[in-house]
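Engineer: Next one to model:
(2 chains)
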Amino acid sequence: MKKQLMFAAVLAAFAGSAMAEEIVVYSARAEQLVKPLVEAYKKETGVDVKLVSDKEGPLMERMRAEGSNSPADILLTVDAGNLWQASKMGLLKPVSSKVLEANIPAHLRDPKNEWFGLSIRARTLFYNTQKVQPAQLSSYEDLADPKWKGKLCLRTSKKVYNQSLVAMLLSEHGPVKTEKIVRGWVDNLATDVFADDTKMLEAIAAGQCEVGLANTYYYGRLMNKNPNLPVGIFWANQKGKGTHVNISGAGVAKYAKNERGAVRFIEWLSSDKAQNLFADVDMEFPVNPKVKPDPKVAAWGSFKHNLINVSNAGARQAEAVMLMDRVGYK
Amino acid sequence: MLSSARRWRPVAALVSLVTVIPLSVILAALAVPDGAVWAHLQNHLLPELLRNTFWLVLGVGSGVLLVGMPLAWLTALYEFPGRRFFNWALMLPLAMPAYVMAFSQLGLFDFTGPLQSWLRAATGDSSWVPSLRSTGGVALVMTLAFYPYVYLLARNAFASMGRRALEVGQSFGLSRVKGFWHVALPMARPWIIGGVTLALMETLADFGTVAIFNYDTFTSAIYKAWFSLFSLPAAKQLASLLVLMVFVLVWLEQRARGRRAYTQTGRAAPLPRLRLTGWQRWAATLWAGLVLLLAFVLPFGQLLWWAWQLAAEEFNADLLGYALRSVALSLMAAVAVAVVALALAYAQRRDPHPATRLLAKLATLGYAVPGTVLAVGVFVPVAWLDNLLLGWFGGALGPDVTAIFKGTLLVMLLAYVARFLAVGHSAIDSAMGRITRSQEEAARNLGYAGWGLLRHVHLPLLKGSLFTAVLMVFVDVMKEMPITLMTRPFDWDTLAVRVFSFTTEGQWEHAALPAVAIVLAGLVPVILLSRQKDHA
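Structural biologist: Numbering: from 1, shown residues only, chains lettered A, B, ... in the order given. Just a heads-up that it's a prediction; the model follows:
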């Protein structure tokens, strides 16, 4: 026993000891988009929020390997699909919070309350304003029409945003029709798919293609830099079920060491004062309906969201990926 | 004698464990196949992936040979305008991470880049320009990123023995060109093949570059199975196949090196460099200049331009912190790798049994495993060990202690050793091969044995290549991303982590400043590398 204690003391010296209240966040959201929030929270509450940044896959694998000894209190991602997956892997725990239920619309959080959307990322249509009239545009489905042959630009199907979009189409149309739509997209491509949204938008601006799909904040960043680019935004599927939205969101880790602190932090992130900070730093949309988006973002006009629960993105993600592989969407 | 040789086998075994344990974690997945995902991959992706990977390996393999070897030959044995400058400058692309090179080159040469935009403005059309986002384009960019391995190792070989061999050749009446084919090339073969192997291992492990080009290789499939289809078992199975492919590659390398021992007899006065004349001298300058322009000047210029535009918002004191941590980490890792590589090479020397050779081969395979996969392979057993220890002693430590070894520098360094041992080993092992048996015999007769032998005979002779190993690993660790992300201690953000946090959001221009810092920090060792070789 004495020996054990001594060994434990040595190990403790190795591991370092605990200090003031802290929350450990495993974050797949880029550090520069989270740091301002961490600093504001520390200023307000004195709580230390430590960030461990990596991609979602490694972070979840890490939590799984660490098991009950994981230091993570919160998992933060940039899409719903990965949160759904984390929940399925048993890495998260349900949270019952009146604050979160009040601040976050039902379709933007997990039906089992294991994770919560904190900002909205809308994926919609963009077009070259010199070549296309907005009246010619309508929906994601319409981009499969042969009239767009040789005029469409897309980002790679490896990006989760496209996987989520196709997963949502799957929920709406079923596999047969969705496969037809995505095959139509591939047939209409003007050039090989791009590795990121920004390059894709630049290609539209340069006239390499006329229409494409991107997340709105990429458009915001690009136009901030160069306001004269001939690229316009069009809210997709307004006559149908609405524009596809995804979330950047968070869940409490199953083995959180500071569960109450974690819940409080997520509640704070969903609150009026933090929502602008969370969304505006990246020109995203707040999830909290009481909070107005950044004026630049608001200028793109309001739009109808697709109200289907974002968890569908995760549930059908693998199916969506396989579908895109089948039709040769790289 | 035998027993003293045998003593070294456990050393080799211990060293190889650093790589073998993570690899086993990956290979263990072969036992639990994910049938559904595997069938999908087989039906829809594998044929193309294998084809793509094959062409890429062929393209980069012949590319680095065609670019690296002639340049090594020229700078080692000929005098032409600018030779002294090119001698070290041609090493510069080594300081630039391949994925950074890739986004920079795409920024320059894709449809929306300045070149094609200018063409469209001037002639109204740029559609005839072949797309860089193609098999040839990826192979070209990777060739530009990886040729310095061949250049460095081949030039080293040519400079130190090519000349002497050529003297012999000349005494038999061989011209210099013939001497190249009949004498220098066969003699330099182990170094050249070593360089090509390093380049190909990097090619097979690469994810960043192919992702930027959206060129699907084996590595892309591993990531797809893992991140998109959420099947880590399928991802590990693919990784296992990759490891097998690499093992074949390494085996081929061994075969190609042959059984001959490459030893050197005494030092002779260096042959004076032959002065190129007429069009030849300018052709040499032009060729070296063109390679340098494409592989470094243009992409680095593009990076500088981006960094300059955003310098006002990005340049701050934090950057210095990232840089210092990057340098400190790279230095520690470089020394660790060099020491371990030396132990391994020496064990092989003392105990030339096939078992030791196999262990050494296994130990160097980490270089060809995609970084993220290797990172998981390292993390899982460490977390397991932590959980075990915490299970035993956790009660005494209190509930807040969640890690013993996780997140310590020790684990991080071990992970780097697993990843970069091939780089260090390649440099040291080649040089070890040049120490003659008779040199060792002589020392033994003087009474040196064991560590004394290593210290007084091998270390002085290996000093140069140990330094090479340290520098090469230093540059590689500066550029490394996935292992750093997964194993770094809290708040230990480095330049590469900084680059990651921007590129993950597609903000390449913002990533330019930390990328420039990586290149600048890498310049010093790269220049040292080329200087050092001059006196080798």
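Engineer: For whatever residue of the stretch 101-250 of chain A ends up closest to chain B, give me its contacts.
Structural biologist: Closest residue of the stretch 101-250 of chain A to chain B, CB to the nearest CB: A:Asp196 (3.7 Å). Every residue, glycine included, has its C-beta placed from N, CA and C. Taking CB atoms under 8 Å, 6 or more residues apart in numbering or on different chains, we find A:Asp196 in contact with A:Arg155, A:Lys159, A:Tyr218, B:Gly506.
Engineer: ok, now how distant is B:Ser62 from chain A?
Structural biologist: Distance, B:Ser62 to chain A, using CB to the nearest CB, to the nearest Å: 24 Å.
Engineer: element containing that residue, please.
Structural biologist: helix B:46-77 (DSSP states H and E).
Engineer: Give me every residue in the stretch 201-350 of chain B that's in contact range of chain A.
Structural biologist: B:211-214, B:216, B:220, B:223-224, B:226-232 (CB under 8 Å from any CB of the partner chain).
Engineer: Those in helices, which ones?
Structural biologist: The members of those that map onto helices under DSSP state H are B:Ala211, B:Ile212, B:Phe213, B:Ser220, B:Tyr223, B:Leu232.
Engineer: neighbour-wise, which of those residues leads?
Structural biologist: Neighbour tally across those (other CB atoms under 10 Å in any protein chain shown): the maximum, 26 neighbours, falls on B:Ile212.
Engineer: Helices along chain A, start to end?
Structural biologist: Under DSSP H, chain A gives helices at A:2-15, A:31-45, A:56-66, A:80-88, A:98-103, A:160-188, A:197-206, A:216-225, A:259-270, A:272-280, A:295-298, A:311-315, A:317-326.
Engineer: Count residues in the vicinity of residue 78, would you?
Structural biologist: In the absence of a named chain, chain A is used. 26.
Engineer: if you could check chain B rather than the one you did, that'd help
Structural biologist: The number of residues near B:Tyr78, taken as other CB under 10 Å, comes to 16.
Engineer: Pull the number of nearby residues for the closest residue to A:Ile308 other than its chain neighbours.
Structural biologist: Take A:Ile308 and drop its neighbours on the chain: the residue closest to it by CB to CB, 6 or more residues apart in numbering or on different chains is A:Ser171, 5.9 Å away. Neighbour count for A:Ser171, taken as other CB under 10 Å: 17.
Engineer: Same check on A:Asn113?
Structural biologist: A:Asn113 has 18 nearby residues by other CB under 10 Å.
Engineer: do the same with the one 5 residues further on
Structural biologist: Using other CB under 10 Å, the number of residues around A:Leu118 comes to 28.
Engineer: Show me what the mean pLDDT comes to for the top helix by length along chain B.
Structural biologist: In terms of residue count, the longest helix belonging to chain B (DSSP H) is helix B:317-350. Over the span of helix B:317-350, the pLDDT mean works out to 92.
Engineer: Centre of the chain to the next helix or strand after that helix, how far?
Structural biologist: For helix B:317-350, the following helix or strand on the C-terminal side (DSSP H and E) is helix B:354-363. Centroid separation for helix B:354-363 versus its chain: 20 Å, with CA atoms, centre = their mean, to the nearest Å.
Engineer: Run through the neighbouring helices and strands of the next helix or strand after helix B:354-363.
Structural biologist: Tracing the chain past helix B:354-363, the next element assigned as helix or strand by DSSP H and E is helix B:371-397. On a contact count with 3 or more CB pairs under 8 Å, 6 or more residues apart in numbering or on different chains; DSSP states H and E, helix B:371-397 meets helix A:2-15, helix A:56-66, helix B:9-27, helix B:232-257, helix B:409-432, helix B:482-487.
Engineer: and if we set it to 7 Å?
Structural biologist: helix A:2-15, helix A:56-66, helix B:9-27, helix B:409-432, helix B:482-487 (3 or more CB pairs under 7 Å, 6 or more residues apart in numbering or on different chains; DSSP states H and E).
Engineer: what about residue 312, neighbour count?
Structural biologist: No chain in the question, so chain A it is. 20.
Engineer: I was after chain B.
Structural biologist: 8.
Engineer: Can you give me the distance of it to chain A?
Structural biologist: Taking CB to the nearest CB as the measure, B:Ala312 falls 14 Å from chain A.
Engineer: helices or strands up against the helix or strand encompassing that residue?
Structural biologist: Using DSSP H and E, B:Ala312 sits within helix B:298-314. Contacts defined by 3+ CB pairs under 7 Å, 6+ apart place helix B:298-314 against helix B:98-109, helix B:508-534.
Engineer: which one of those helices is the most hemmed in?
Structural biologist: Stretch with highest mean neighbour count among the helices and strands packed on helix B:298-314: helix B:98-109 (a mean of 24; mean count of other CB atoms under 10 Å in any protein chain shown).
Engineer: Output that helix as PDB, nothing but the C-alphas.
Structural biologist: Extracted in PDB, the C-alpha atoms of helix B:98-109 (Å, rounded to 0.1, in the frame of the first residue of the first chain):
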ATOM      1  CA  ALA B  98       4.300  19.400 -49.800                       C
ATOM      2  CA  TYR B  99       0.700  20.400 -49.000                       C
ATOM      3  CA  VAL B 100       1.800  24.100 -48.800                       C
ATOM      4  CA  MET B 101       3.600  23.700 -52.100                       C
ATOM      5  CA  ALA B 102       0.400  22.200 -53.500                       C
ATOM      6  CA  PHE B 103      -2.000  25.000 -52.600                       C
ATOM      7  CA  SER B 104       0.600  27.600 -53.600                       C
ATOM      8  CA  GLN B 105       1.100  26.000 -57.000                       C
ATOM      9  CA  LEU B 106      -2.700  25.700 -57.500                       C
ATOM     10  CA  GLY B 107      -3.100  29.300 -56.500                       C
ATOM     11  CA  LEU B 108      -0.600  30.200 -59.300                       C
ATOM     12  CA  PHE B 109      -1.500  27.900 -62.100                       C
END
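Engineer: Quick check: residues of the stretch 51-200 of chain A near chain B?
Structural biologist: Contacts of the stretch 51-200 of chain A with chain B, taken as CB under 7 Å from any CB of the partner chain, map to A:53-54, A:57-58, A:61-62, A:65-67, A:69-71, A:85, A:156, A:158, A:163, A:192-193, A:195-198.
Engineer: Please enumerate the strands of the stretch 151-300 of chain B.
Structural biologist: B:274-275 (DSSP state E, counting those that start in this stretch).
Engineer: how does chain A divide up, domain by domain?
Structural biologist: A:17-120+A:247-294, A:122-244+A:314-326 (automatic domain parsing).
Engineer: got the end-to-end distance for the shortest one?
Structural biologist: Think domain A:122-244+A:314-326. With CA to CA, to the nearest Å applied, domain A:122-244+A:314-326 spans 26 Å between its terminal residues.
Engineer: What of stretch A:146-162?
Structural biologist: End-to-end distance of stretch A:146-162 (CA to CA): 21 Å.
Engineer: Any chance you could list what contacts that stretch?
Structural biologist: Contact with stretch A:146-162 is made by A:79, A:81-82, A:123, A:143, A:163, A:185, A:187-191, A:193-197, A:200, A:203-204, A:208-213, A:215, A:246, A:324, A:329-330, B:214, B:224, B:228, as judged by CB atoms under 7 Å, 6 or more residues apart in numbering or on different chains.
Engineer: Point out where chain B drops to low pLDDT.
Structural biologist: Along chain B, segments meeting pLDDT under 70 span B:1-5, B:161-166, B:257-272, B:532-536.
Engineer: Hmm, B:Met91 is touching B:Leu529, no?
Structural biologist: Yes - counting by CB atoms under 7 Å, B:Met91 does reach B:Leu529; the two are 5.9 Å apart.
Engineer: Return every residue with contacts to both of these two.
Structural biologist: Common neighbours of B:Met91 and B:Leu529 (criterion: CB under 7 Å, 6+ apart): B:Leu152.
Engineer: Single out the most deeply packed of the helices of chain A.
Structural biologist: With neighbours taken as mean count of other CB under 10 Å, the helices of chain A reach their highest mean count in helix A:80-88, at a mean of 25.
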